[in-house]
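Student: 3D model of this:
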Amino acid sequence: SRELSDKLKRLSRDATLFTTLLTITNILLSQYSNQSDIIVGTPVANREHENLFNQIGFYINTLALRNRVDKNQTFAENLLDVKESSLNAFEHQSYPFDKLIEELKLERDLSQHPIFNIMIILQNNRRSELDFAGSKAEDIEIDSQVSKFDMTFNYIEIGGCIELFINYNRGLFKKSTIERIVLNLEKLIDSIELDRKLNELNIISSSEERLLESFNATDKSYSKDKSIIEIFEEQVKENPNNIAVVYRDKKITYEQFNKKVNSVANYLIENFDIKPNDIIPIVVDRTEWMSVAMFAVLKADGAYLPIDSSYLPQSRIDFMLKDSNAKLILTDNSNFDSV
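Tutor: Residues are numbered from 1 along each chain as shown. Okay, here's the model as predicted:
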């Protein structure tokens with residue numbers, strides 16, 4: 001909106017508009033990832049010498065901009081840090097990007113960029129008409145169907161307003177997710193004040209706040225001196241024929257469900273030396289058997305770790321399994337290949 005665009009320009013009083021947008025995008029990414037060390041890429045004209053200014057040619061280079069998001073800083077303080085680090089980066093914009101990757105001795109993976117996965121661009125150069133001895137050139141918008149990065153934030157300053165186009169990898173994000181990111185970004189800009197600390201900034205939109213309120217309205221009185229398994233067993237005794245689990249056209253009573261749970265739990269107890277709170281990953285399709293597996297692990301004194309076999313990349317699943325120090329994995333045949 002014009003209002004948010006004007007606010008961005010006011011925030012850029014002591015920095016360039018690009019630096020302000022970079023700072024805000026870093027804060028957004030930090031909020032999503034819960035990480036403070038943020039690296040994004042940006043293209044640079046790489047025309048440092050005056051004799052290159054009016055030459056026709058593709059001199060563009062790519063810079064990796066690394067910044068820290070310290071939540072105890074004010075926005076003005078973080079903006080100043082980003083300004084300083086960006087100026088240092090632009091001083092070295094002629095350093096070949098391929099040479100940088102070579103010097104860092106990074107492992108190359110064709111499925112992802114070696115240094116960053118998110119690109120940020122600001123296009124605010126005034127466009128002039130090109131006239132070649134009677135021939136005119138004009139801009140043609142190309143609807144790209146390819147995303148070179150996980151996400152590209154392309155900010156464009158047009159007629160006093162700032163427009164944002166996000167190019168994204170549809171294998172990683174849904175359109176609804178990107179639309180939500182835009183709403184969160186607008187909310188973030190709206191909440192920024194120069195003297196406000198980063199940990200006080202808000203990215204949650206009004207609709208998401210209402211959703212959080214309804215989802216978190218879970219207050220319910222229950223016995224604090226009993227475990228969930230003990231409470232469940234009471235339900236089995238009091239209402240054995242009531243429906244406990246519904247999956248598609250299947251309906252399972254408390255008594256039937258408890259028998260299935262006991263069968264799996266006894267198998268775990270008899271065949272594995274499970275200590276209290278041992279982590280047992282569960283890689284099961286979302287059927288009634290997922291609920292059975294979760295309750296069975298609890299009855300065996302373990303702690304369950306649900307893992308969706310569709311998690312990407314595969315290294316994410318590998319890390320979760322390794323980090324859990326699991327003695328065994330509960331899975332079914334359909335998911336066996338994924339683990």
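Student: from here on, contacts and neighbour counts on C-alpha atoms
Tutor: OK.
Student: what about residue 155, how many neighbours?
Tutor: Using other C-alpha atoms under 10 Å, residue 155 is surrounded by 18 other residues.
Student: ok, now which ones touch it?
Tutor: 120, 121, 122, 123, 162, 163, 164, 165 (C-alpha atoms under 8 Å, 6 or more residues apart in numbering).
Student: Can you classify the residue nearest to the last one when sequence neighbours are not counted by secondary structure?
Tutor: In this structure, residue 165 finds its nearest non-sequential neighbour in residue 154, 5.1 Å apart by C-alpha to C-alpha, 6 or more residues apart in numbering. Residue 154 falls in the strand class when you classify it by DSSP: H, G, I helix; E, B strand; the rest coil.
Student: coming back round to it: what subset of the contacts of residue 155 is buried?
Tutor: Burial by neighbour count, 16 or more other C-alpha atoms under 10 Å: within these this picks out 120, 121, 122, 162, 163.
Student: For these, give me TSV that also has pLDDT.
Tutor: As requested, those are exported to TSV (pLDDT from 0 to 100):
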residue	pLDDT
120	95
121	93
122	92
162	92
163	92
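Student: do you know how far residue 28 is from residue 19?
Tutor: The spacing between residue 28 and residue 19, counted by C-alpha to C-alpha, to the nearest Å, is 14 Å.
Student: returning to what we had before: closest to residue 169 out of the buried ones among the contacts of residue 155?
Tutor: When the buried ones among the contacts of residue 155 are compared for distance to residue 169 (C-alpha to C-alpha), residue 120 wins out at 14.8 Å.
Student: The closest one: what's it in contact with?
Tutor: Counted by C-alpha under 8 Å, 6+ apart, residue 120 has contacts 22, 40, 41, 42, 152, 153, 154, 155.
Student: Just confirm the fourth one is within a helix.
Tutor: No. Residue 42 sits outside any helix when classified using three-state DSSP, being strand.
Student: Could I get the full set of helices for this protein?
Tutor: Remark: helices assigned in the chain by DSSP state H are 2-11, 17-33, 75-91, 97-104, 175-191, 206-215, 228-238, 254-271, 288-299, 314-324.
Student: which other helices and strands contact the first one?
Tutor: Put plainly, it is helix 2-11. The contact analysis (3 or more C-alpha pairs under 8 Å, 6 or more residues apart in numbering; DSSP states H and E) places helix 2-11 against helix 17-33, strand 161-168, helix 175-191.
Student: Just the C-alphas of that helix, formatted as CSV.
Tutor: This file holds the C-alpha atoms of helix 2-11, laid out as CSV (Å, rounded to 0.1, in the frame of the first residue of the first chain):
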residue,chain,number,x,y,z
ARG,A,2,1.0,3.6,-0.3
GLU,A,3,1.0,3.9,3.5
LEU,A,4,3.5,1.0,4.0
SER,A,5,5.6,2.2,1.0
ASP,A,6,5.9,5.7,2.6
LYS,A,7,6.8,4.1,5.9
LEU,A,8,9.6,2.1,4.3
LYS,A,9,11.0,5.3,2.9
ARG,A,10,10.8,7.0,6.3
LEU,A,11,12.7,4.1,7.8
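Student: for the stretch 101-250 of the chain, what are the low-confidence residue spans?
Tutor: In the predicted model of the stretch 101-250 of the chain, residues 125-131, 144 satisfy pLDDT under 70.
Student: hang on, the earlier thing: TSV for the contacts of residue 155, including distance to residue 111?
Tutor: Converted to TSV, these look like this (distance: C-alpha to C-alpha, whole Å):
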residue	distance to residue 111
120	20
121	22
122	26
123	28
162	32
163	30
164	26
165	23
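Student: ok, now which ones touch residue 180?
Tutor: No contacts exist for residue 180 under C-alpha under 8 Å, 6+ apart.
Student: swap in residue 279?
Tutor: Applying C-alpha under 8 Å, 6+ apart to residue 279 gives the contacts 302, 303, 304, 305, 324, 325, 326, 327.
Student: Any idea how many residues pack against the first one?
Tutor: Just to be clear, that refers to residue 302. 21.
Student: per-residue confidence averaged over stretch 3-15?
Tutor: Taken as a whole, stretch 3-15 carries a mean pLDDT of 92.
Student: That one: how far from the chain's middle?
Tutor: On the basis of C-alpha atoms, centre = their mean, to the nearest Å, stretch 3-15 sits 26 Å off its chain's mean C-alpha point.
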